[in-house]
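Asker: got a sequence here, can you model it:
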Amino acid sequence: MLGVATRAYAQKGYAPAGWEKFGTLANATDLRVTIALKPGKSYQIVAACDKKCSDLDLQLFDAAGKEVDFDAQDDDFPIVAANAGIVQPYTLRIVMSACSQASCAFGAKAFVKN
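Answerer: Below you'll find the predicted structure:
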């Protein structure tokens with residue numbers, strides 16, 4: 001599911017950051033997960049969903065709950081970015097906005113700039 005992203009990001013100078021999440025979500029539901037980002041690094045977090053899904057969205061929040069970035073475009077390949085300043089837990093909200101079945105599979109993966 002995220003193999004194409006891994007190859008594309010490698011060409012842009014990014015490497016897998018060691019964090020990924022896979023699962024399923026019902027239509028119009030979300031999941032919040034904690035992700036640790038190292039200070040002084042530039043990150044891209046990419047997600048994708050299966051063929052039954054036509055819209056997946058991401059929101060990234062800092063430890064204070066402030067939105068850092070969001071991707072709510074009408075697509076199934078959202079990307080959010082962060083330049084981590086201090087050590088803190090970030091929260092990634094994964095939103096299944098359009099799934100044609102009872103639930104759809106998704107994957108999310110963080111990449112860090114080399």
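Asker: and the lowest-mean-pLDDT helix or strand in the chain, what does it pack onto?
Answerer: Every helix and strand in the chain was compared by mean pLDDT, DSSP states H and E; the lowest is helix 3-11, with a mean of 87. When contacts are defined as 3 or more Cβ pairs under 8 Å, 6 or more residues apart in numbering; DSSP states H and E, helix 3-11 packs onto strand 42-49, strand 104-113. The C-beta positions use only the backbone N, C-alpha and C, and glycine is treated the same way.
Asker: mind doing that once more with 10 Å?
Answerer: Under the contact criterion of 3 or more Cβ pairs under 10 Å, 6 or more residues apart in numbering; DSSP states H and E, helix 3-11 touches strand 14-25, strand 42-49, strand 104-113.
Asker: and stretch 86-96, how far from the chain's centre?
Answerer: Chain-centre distance of stretch 86-96: 9 Å, with Cα atoms, centre = their mean, to the nearest Å.
Asker: report the buried residues of it.
Answerer: Buried residues in stretch 86-96, counted by 16 or more other Cβ atoms under 10 Å: 90-96.
Asker: likewise for stretch 37-44?
Answerer: By 16+ other Cβ under 10 Å, the buried positions in stretch 37-44 come out as 37, 43-44.
Asker: do stretch 100-112 as well
Answerer: Result for stretch 100-112 [16+ other Cβ under 10 Å]: buried residues 103-112.
Asker: list just the nearest of these to residue 30.
Answerer: Distances from residue 30 to those, taken as Cβ to Cβ, are shortest for residue 106 (10.7 Å).
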